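**Q** Output the structure for:
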Amino acid sequence: MPKRPAGAAAADFNESQFERVLNNAARLAMVGIGFAVLLVMLQGGQVFLAPVTLAIVVGLMFGPVADRVESWGVPPALSAGVVVLLLLAVIAGFAILFAVPLSEWVARGPLIWEKLQSQLATLKEPLESLGDFQEQVGTVLGTGDAMSVTVEDGSTVTGMAMLAPAVLAQVAIFLASLYFFVATRDHIRMSVLSMCVTRRMRWRTAHVFREVEYKVSRFLLSVTVINLGVGSAVSLAMWLIGMPSPLLWGAMAAVLNYIPYVGQAIMVTVLLAVGLGTQTELFNILLPVACYAGINFVEGQIFTPHFIGRSLTLNPFIIFLSITFWIWAWGPVGGLVAVPTLLIAQSLLTHALPSRPVMPRRPVRRTARMTDRDELLANAAQVIREQREDEEEEGLKPKREEPPQGTGPTGIEPGTT
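**A** Predicted coordinates for the structure are as follows:
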């Protein structure tokens, strides 16, 4: 039997390796194309997808309320109507809290703007020096013309008139989706379970439904209770320091607290702008911001971990990325659904790709000075050491050498019968 040259074997090996690289690159390219198509679909279907997703999230939140109403013998269609009416009542209550004080602040807007201009007049010299630097950069680059930004004048009334039909359409889609989702959520669950072909798949799918509804409803209801407390505390603090319209700031703090990080930043900016426009002393300007920051710090460090618990906590960096992505895709509605969608994705991945905790055969004994993080890192290092020992033991064992092809004692090739 002729022996193949070593160069041909190396060429075949390089070709197979090149094919594997091409296959991996093609798969990554397909994933990238699919992700790009998903982004385009999310932005293109914002008018429909955003209110429907928000309706599903709110429906999961009010699911326990509908279950309680149905336990009294009320049909699902009627209980869904009760949920929608309850939500409209909550929205109307917040609108009433916002309407009267907000109209007062809108009327005082020109005066506040003049005060802000006078407060910001101290920045005139730094801005002029920035303009001189801009002219110098333009001279170096070969042009003496300063950069300018031209803003075309547009009619605000015309823009609002063009935007109103789209907003009303999204509100109508949201209310209709919320009603039908709450009324038919059990039917949706049974329909999905009926499509599962194996018992194990049905078991996992049922657990996904139960965990998603439990996590989202518990999270949103707990956050709602916490936000009401934050709003009440902010209103009381603003009243004690003599801030005008304390109910407005409390209601705004409660609503913006649904959007982590971004909502708090907006609230601090608003309070700082109002302080600059209504106060003259630095202490009085920063006092509302300090009060709000203190209340928010106590809420984030004490009440939120106590009410929500560690089981519903997520990585802050992942939360920030999710909020940034959904606000970019859907605007303010995206900020509201960012954290609930993370909880839903976490439940889906947990049951679709179940993982076992990595523990060593000989766990590290915890000392009094070790924290949870130290124990976790020590056990991970122990797992790595045990794997290295296993690999070294396998390397020391002599491997059985098979005779070359065609040299079997009876003409029978190794591994054949």
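
**Q** okay, now residue 52: neighbour count?
**A** A count of nearby residues for residue 52, using other Cβ atoms under 10 Å, gives 17. The C-beta positions use only the backbone N, C-alpha and C, and glycine is treated the same way.

**Q** check which helix or strand covers it.
**A** helix 46-61 (DSSP states H and E).

**Q** tell me which residues in that helix are buried?
**A** Neighbour-count burial for helix 46-61 flags 46, 49-61 (criterion: 16 or more other Cβ atoms under 10 Å).

**Q** could you show me where the helices are in the stretch 301-417 of the chain, in order?
**A** Taking DSSP state H, counting those that start in this stretch, the helices of the stretch 301-417 of the chain run over residues 304-308, 316-330, 332-352, 372-396.

**Q** chain center to the last one, what's the gap?
**A** Relative to the mean C-alpha coordinate of its chain, helix 372-396 is positioned 35 Å out (Cα atoms, centre = their mean, to the nearest Å).

**Q** which parts of it are buried?
**A** Buried residues in helix 372-396 (16+ other Cβ under 10 Å): 378-379, 382-383.

**Q** who touches that helix?
**A** Contact with helix 372-396 is made by 358-364, 366, 370, as judged by Cβ atoms under 8 Å, 6 or more residues apart in numbering.

**Q** Any idea how far apart the tips of stretch 60-74 sit?
**A** 19 Å (Cα to Cα, to the nearest Å).

**Q** Any idea how many residues pack against the closest residue to residue 184 other than its chain neighbours?
**A** Leaving aside its sequence neighbours, residue 184 sits nearest to residue 76 (Cβ to Cβ, 6 or more residues apart in numbering; 7.4 Å). Applying other Cβ under 10 Å, we find 17 residues neighbouring residue 76.

**Q** I'd say residue 76 and residue 186 touch.
**A** Yes: contact status for residue 76 versus residue 186: in contact at 7.1 Å, counting by Cβ atoms under 8 Å.

**Q** coming back round to it: so for residue 247, which of the helices of the stretch 301-417 of the chain sits nearest?
**A** helix 332-352 (21.9 Å; Cβ to Cβ).

**Q** buried sites along the closest one?
**A** Buried residues in helix 332-352 (16+ other Cβ under 10 Å): 333-344, 346-347, 351.

**Q** Equivalent analysis for stretch 318-335, please.
**A** 319, 322-323, 326-327, 329-330, 333-335.

**Q** what do you get for stretch 195-209?
**A** 204-205, 208-209.

**Q** Just list the residues touching residue 33, thanks.
**A** Residue 33 neighbours (Cβ under 8 Å, 6+ apart): none.

**Q** Which helix in this structure has the most residues?
**A** Longest among the helix segments of the chain by residue count, using DSSP state H, is helix 199-240.

**Q** Which strands or helices does that one pack on?
**A** helix 46-61, helix 63-70, helix 156-194, helix 246-256, helix 282-298, helix 304-308, helix 332-352 (3 or more Cβ pairs under 8 Å, 6 or more residues apart in numbering; DSSP states H and E).

**Q** pLDDT of that helix, averaged?
**A** Averaged across helix 199-240, pLDDT comes to 85.

**Q** Could you tell me the angle between that helix and helix 46-61?
**A** Inter-element angle recorded for helix 199-240 and helix 46-61: 90 degrees (by axes from the mean of the first three to the mean of the last three Cα atoms, to 10 degrees).

**Q** relative orientation of helix 199-240 and helix 332-352 in degrees?
**A** Using the same axes, to 10 degrees: helix 199-240 against helix 332-352 is 140 degrees.

**Q** Next, the angle from helix 199-240 to helix 246-256.
**A** 160 degrees.

**Q** quick one, helix 199-240 and helix 63-70 angle?
**A** Using the same axes, to 10 degrees, helix 199-240 lies at 100 degrees relative to helix 63-70.

**Q** got the angle for helix 199-240 vs helix 156-194?
**A** Using the same axes, to 10 degrees: helix 199-240 against helix 156-194 is 150 degrees.

**Q** Helix 282-298 and helix 199-240, what's the angle between them?
**A** Going by the same axes, to 10 degrees, helix 199-240 makes 150 degrees with helix 282-298.

**Q** Sketch out the low-pLDDT regions of the stretch 201-350 of the chain for me.
**A** 308-314 (pLDDT under 70).

**Q** how about 80 then?
**A** Low-confidence segments of the stretch 201-350 of the chain, defined by pLDDT under 80: 276-281, 301-316, 347, 349-350.
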